[in-house]
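>>> 3D, please:
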Amino acid sequence: MSIPQSGGGPIERHEQLAEYLAAGCKPKDAWRIGTEHEKFGYCKDTLKPLPYDGPRSIRAMLEGLRDRYGWDPVLEGGNIIGLVKDGANVSLEPGGQLELSGAPLETIHQTCDEVNEHLREVQTVADGIGAGFIGLGAAPHWTHDDMPLMPKGRYKLMDGYMQKVGTLGTSMMRRTCTVQVNLDFASEADMVQKLRVSLALQPVATALFANSPFTEGKLNGHKSWRSRIWRDLDPDRTGMLPFVFDEGFGFEAYVQYALDVPMYFVYRDGQYINALGMSFRDFLKGELPALPGEKPTLSDWADHLTTIFPEARLKKFIEMRGADGGPWRRLCALPALWVGLTYDQEALDAAWDLVKDWDAETRDAMRVAASIEALDARVNGISMHDLASEVVAIAETGLKNRARPGAGGLLPDETHFLNALKESIETGEVPADELIRHNNTDWDGDVTRVFGEYSY
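Now for the predicted structure:
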């Protein structure tokens, strides 16, 4: 979950809202890769989630990373709630999920080095306090009441609001984890093509990375329960954004959409001011009930954009949001998939050719089917397995065309990061299938076995 934005002056013209997004346009040689991933922390002896306070806690983890590895703390209300270093940050999701938001890097080789270093640091600190961490899309056996709510002002506001606008919002906050990648665009036209491809193919990522078949200790009938949760969270700020595929879509059309998403808060002087359900359009006119007579800054606009949760999100870059958190090697496979698809024009055009004739109903149906059946899904004659095979092949071509070497030149490109996905294509089995198989055989229905066998 995002930290407060900063550095934006007063909004004096409506055009500044779209200009803020357009400021993300970069020449191709300046495109970067920003990978984010979340994981659940737990007490090794009890298998309960880490509380915020205490000798074995989220606070102890953050302080350990700070003291041992030189991260700078981020404080709110006297509580340590995050860390920053070298363009990266560590933050807390509402239920204490630990998130690395990586620095913007040039290659997936660098991204994977960053992920590996971070997980080694986390493992070292966690071992010292008797904690463990695991990558899953959803908590396997914890209930809502098991999960602590982290001491962040925005989470306290969101927690109450989520219960009014959907049935699964608080489950998303406390009991899900994802892996995401943030990617750049060159121009408005480039953004449009990339966002359309990203939204249409997000269900393929959901299928390939599906890793949440358990809820409260039992099979839940979905291979990505995390994806199912997002379908019943808040219809005003989630979904597949059908308007993105309309003729004439661009930055301004996204602005109009974002202005109609109800607000959560305004951040002032280290405090989150309740603006739940209020209108940013009213804010622009100085008529926000929470701050009468005050008009927003670009920082307020940036904050508001972080409260919108579609399957692919536009800010000054595009966020790919469809994948479950998962095993160590798949944390690098996710950026490999999307970089391969979007950072090479031949690959991007090929990906668009796959989806350009789909209608909104097909895209929505793909999203639903992916969450239930993963690669076994079939929608309107489209086999998810066959589609995923084509998509991964296109991504591989894109990475070959990028030809970014690693390991001191021993690796000619980044294609080997797709190996985990190619194995899933070959076997037809994604992480959720493996977990289900274990549950039904050697685990004998004891889902807590996942901690011993799949922790980092």
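
>>> drop to CA atoms for contacts and neighbour counts, all remaining ones
Fine.

>>> quick one: contacts for the residue lying farthest from the centre of the chain?
Seen from the C-alpha centroid of the chain, the residue lying at the greatest distance (CA atoms, centre = their mean) is residue 293, 35.3 Å away. By CA atoms under 8 Å, 6 or more residues apart in numbering, the contact list for residue 293 reads 286, 287.

>>> could you measure it against residue 274, distance?
Note on residue 293: its distance to residue 274, by CA to CA, to the nearest Å, is 16 Å.

>>> ditto for residue 245
The value you get for residue 245 to residue 274, if CA to CA is used, is 34 Å.

>>> do residue 264 as well
Distance of residue 264 to residue 274, computed by CA to CA: 7 Å.

>>> by mean pLDDT, flag the weakest helix or strand of this protein.
The weakest-scoring helix or strand in the chain, judged by mean pLDDT, DSSP states H and E, is helix 153-165 (a mean of 90).

>>> now for the next helix or strand after it, which elements pack on it?
Going down the chain from helix 153-165, the next helix or strand is helix 169-175, by DSSP states H and E. Helix 169-175 sits against helix 153-165, helix 225-230, with contacts defined as 3 or more CA pairs under 8 Å, 6 or more residues apart in numbering; DSSP states H and E.

>>> which helices and strands does the first one pack with?
Using 3+ CA pairs under 8 Å, 6+ apart as the contact criterion, the elements in contact with helix 153-165 are helix 169-175, strand 271-274.

>>> for the last one, which positions count as buried?
Taking 16 or more other CA atoms under 10 Å as the basis for neighbour counts, the residues of strand 271-274 that come out buried are 272, 273, 274.

>>> nearest to residue 330, of the residues you listed?
Using CA to CA, residue 272 comes nearest to residue 330 of those, at 35.2 Å.

>>> quick revisit: now the helices and strands packed on helix 153-165 as CSV including distance to residue 420 and mean pLDDT?
Output for the helices and strands packed on helix 153-165, formatted as CSV (distance: least, CA to CA, whole Å; pLDDT from 0 to 100):
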stretch, distance to residue 420, mean pLDDT
helix 169-175, 25, 94
strand 271-274, 41, 95
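
>>> generate CSV for those, with distance to residue 455 as supplementary columns.
Shown next, in CSV, are the helices and strands packed on helix 153-165 (distance: least, CA to CA, whole Å):
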stretch, distance to residue 455
helix 169-175, 16
strand 271-274, 35
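
>>> which one of these lies closest to residue 394?
Smallest distance to residue 394 across those (CA to CA): 31.6 Å, for helix 169-175.

>>> immediately after the closest one, which helix or strand?
With secondary structure assigned by DSSP H and E, helix 169-175 is succeeded by strand 178-183.

>>> could you give me the buried positions within whichever helix or strand comes after that next one?
The element immediately downstream of strand 178-183 (helix or strand, assigned by DSSP H and E) is helix 188-208. Using 16+ other CA under 10 Å as the burial criterion, the residues of helix 188-208 that qualify are 188, 191-208.

>>> and helix 188-208, C-alpha only, in CSV?
C-alpha atoms of helix 188-208 as CSV (Å, rounded to 0.1, in the frame of the first residue of the first chain):
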residue,chain,number,x,y,z
GLU,A,188,0.1,9.0,-24.5
ALA,A,189,-0.3,6.6,-27.4
ASP,A,190,2.2,4.2,-25.9
MET,A,191,0.4,4.4,-22.6
VAL,A,192,-2.9,3.6,-24.2
GLN,A,193,-1.6,0.5,-26.0
LYS,A,194,0.2,-0.8,-22.9
LEU,A,195,-2.7,-0.2,-20.6
ARG,A,196,-5.1,-2.0,-22.9
VAL,A,197,-2.8,-5.0,-23.3
SER,A,198,-2.2,-5.0,-19.5
LEU,A,199,-5.9,-5.0,-18.6
ALA,A,200,-6.9,-7.6,-21.2
LEU,A,201,-4.1,-10.0,-20.3
GLN,A,202,-4.2,-9.5,-16.6
PRO,A,203,-6.3,-12.7,-16.2
VAL,A,204,-3.4,-14.6,-17.8
ALA,A,205,-1.1,-13.4,-15.0
THR,A,206,-3.8,-14.3,-12.5
ALA,A,207,-3.9,-17.8,-13.9
LEU,A,208,-0.2,-18.3,-14.1
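
>>> for the helix or strand that that helix is followed by, which strands pair with it and how are they oriented?
Downstream of helix 188-208, the next assigned helix or strand under DSSP H and E is strand 214-215. In the sheet, strand 214-215 lines up against strand 218-219 (antiparallel) (DSSP bridges).

>>> what does the strand it pairs with rub up against?
Against strand 218-219 from outside (CA under 8 Å, 6+ apart): 140, 141, 213, 436, 445, 447.

>>> contact partners for residue 83?
Counting by CA under 8 Å, 6+ apart, residue 83 touches 62, 66, 71, 72, 73, 74, 89, 90, 91.

>>> and with 6 Å instead?
Counting by CA atoms under 6 Å, 6 or more residues apart in numbering, residue 83 touches 71, 72, 73, 74, 89, 90.

>>> doesn't it belong to a helix?
No - counting by DSSP: H, G, I helix; E, B strand; the rest coil, residue 83 is not part of a helix but strand.

>>> check which helix or strand covers residue 450.
Going by DSSP H and E, residue 450 is in helix 449-454.

>>> please apply the same query to residue 351.
Residue 351 belongs to helix 345-355 when assigned by DSSP H and E.

>>> and the angle for that helix with helix 188-208?
Here the directions of helix 345-355 and helix 188-208 differ by 70 degrees (axes from the mean of the first three to the mean of the last three CA atoms, to 10 degrees).
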